[in-house]
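Student: How does the following fold in three dimensions:
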Amino acid sequence: MIIYIFKRIVTFLFIICVLAQISFCLVYFTPYSMSNFHNLSFIDAYSSFFKQLLQGEFRLLTGETVLFFQTLLATFELCILALFVALLIGLPLGIFLGLSNINWLNNMIRLGSLLLYSCPIVMLVIVVMYCLSPTWTISMNFDISPSVTGTSLLEILASTKASKWQELFEQFHYLILPIILLAIQPSIMTIQLIGQNVKNTSRQNFIKMAIIRERSPFKILRRHLLPNSIPATIPQLTYNTTTLLFSTMVIEILFNRAGLGQWVMIAYHHHNYFIISIAILACGTVISLLTLLGEISAIAIYPLRHKEYYV
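Tutor: So this is what the prediction gives:
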């Protein structure tokens, strides 16, 4: 298992290195770029680019500083929280859907999931904002700066302020509605995938033997059914990280929250191709990191699952 995780981490680092090379080429060779790399030779620009990348910030010709890690962390946190909520909702409903024999209830769950999944995220957000705007003004106050509503939770926890718990509560207040809306599509995917995997696993012969040997249905569920169905589902959920990242960027734009969405939108408005080039690296990093965490989580839950890749 350790060797498998190590290989995945090495693959992740290799992908990030390739994306960094592509991003540097786009930054250096893009005409009318606002970066200060054009005044340097190729070697000096290459060294300066990766030095600023490791520092987590880039300096433009205008003197503005682009915070790479802070922007990346805000978007990554929103994705992780949405996936966590999706698992909390999708796991129980998926298990129930896979084991239930109540046809009309199963059909109602599938129909509701299909209707929500087919609804565009932009239209859903606009409808919810229209319905809740008279009563939930704090979460949708566009007079507040995105840097206030988009502060990273880890930065608040790491700070030494006496009022950090109050700030943390305020950030969660801003995040409740975006997380719920962002978790809808991952929750539906979780329900469908887990329900199908649980149903297929429950029909296997070793589950039938476990039913004969075990007296408690809970032990059958905990020892045999879930360990053989859920780990295979987690990597499948990470295949849709591109859609999740796009939805996160849309949510950040619509809710005036700092992150990759606001970053790219402002850069496109000002024709700042330097930031757009860096955003490619940021998006690739988020997608690769979510995929890596999904694979490691699946192996941590059920270590023997990685052997199927070598059969």
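
Student: Who are the contact partners of G261?
Tutor: Neighbouring residues of G261 by CB atoms under 8 Å, 6 or more residues apart in numbering: T75, T248, M249, V250, I251, E252, I253. The C-beta positions use only the backbone N, C-alpha and C, and glycine is treated the same way.

Student: Of these, just say which sits nearest to V286.
Tutor: Ranked by distance to V286 (CB to CB), the contacts of G261 are led by T75 at 6.2 Å.

Student: For the protein, give me the ranges with low pLDDT.
Tutor: In the prediction, the chain carries residues with pLDDT under 70 at positions 31-36, 38, 60-64, 132-151, 214-215, 235, 238-239, 301-311.

Student: one step back: what subset of the contacts of G261 is buried?
Tutor: T75, T248, M249, V250, I251, E252, I253 (16 or more other CB atoms under 10 Å).

Student: In JSON lines, list these along with distance to I211.
Tutor: Formatted as JSON lines, the buried ones among the contacts of G261 follow (distance: CB to CB, whole Å):
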{"residue": "T75", "distance to I211": "45"}
{"residue": "T248", "distance to I211": "42"}
{"residue": "M249", "distance to I211": "47"}
{"residue": "V250", "distance to I211": "46"}
{"residue": "I251", "distance to I211": "44"}
{"residue": "E252", "distance to I211": "48"}
{"residue": "I253", "distance to I211": "51"}
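
Student: any idea which of the residues you listed is closest to Q192?
Tutor: T248 (20.9 Å).

Student: Going by secondary structure, that closest one is in what exactly?
Tutor: Here T248 sits within helix 241-254, counting by DSSP states H and E.

Student: ranges for the helices of the stretch 1-150 of the chain?
Tutor: Shown for the stretch 1-150 of the chain, the helices assigned by DSSP state H, counting those that start in this stretch span residues 2-29, 42-55, 68-99, 103-118, 121-132, 146-149.

Student: Point out the most buried one among those.
Tutor: Comparing the helices of the stretch 1-150 of the chain by mean neighbour count (mean count of other CB atoms under 10 Å), helix 68-99 comes out on top with a mean of 21.

Student: Now stretch 201-218 - C-alpha only, PDB.
Tutor: Written as PDB, here are the backbone C-alpha positions of stretch 201-218 (Å, rounded to 0.1, in the frame of the first residue of the first chain):
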ATOM      1  CA  THR A 201     -22.100  -6.400  -4.400                       C
ATOM      2  CA  SER A 202     -25.100  -7.700  -2.500                       C
ATOM      3  CA  ARG A 203     -25.700 -10.200  -5.300                       C
ATOM      4  CA  GLN A 204     -22.300 -11.800  -5.000                       C
ATOM      5  CA  ASN A 205     -21.800 -15.300  -3.600                       C
ATOM      6  CA  PHE A 206     -19.600 -14.300  -0.700                       C
ATOM      7  CA  ILE A 207     -22.300 -11.900   0.600                       C
ATOM      8  CA  LYS A 208     -24.800 -14.800   0.400                       C
ATOM      9  CA  MET A 209     -22.300 -17.000   2.400                       C
ATOM     10  CA  ALA A 210     -21.900 -14.100   4.900                       C
ATOM     11  CA  ILE A 211     -25.700 -14.000   5.400                       C
ATOM     12  CA  ILE A 212     -25.600 -17.700   6.300                       C
ATOM     13  CA  ARG A 213     -22.700 -17.400   8.700                       C
ATOM     14  CA  GLU A 214     -23.400 -14.000  10.300                       C
ATOM     15  CA  ARG A 215     -26.400 -13.400  12.600                       C
ATOM     16  CA  SER A 216     -26.300  -9.700  12.600                       C
ATOM     17  CA  PRO A 217     -27.300  -7.800   9.400                       C
ATOM     18  CA  PHE A 218     -25.200  -4.800  10.700                       C
END
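
Student: Can you list the buried residues in it?
Tutor: Applying 16+ other CB under 10 Å to stretch 201-218 flags T201, S202, I207, A210 as buried.

Student: any chance of those residues in CSV, plus secondary structure and distance to S48?
Tutor: Converted to CSV, the buried residues of stretch 201-218 look like this (DSSP: H, G, I helix; E, B strand; the rest coil; distance: CB to CB, whole Å):
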residue, secondary structure, distance to S48
T201, helix, 54
S202, helix, 58
I207, helix, 59
A210, helix, 61
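
Student: I'm done for today, thanks for sticking with me.
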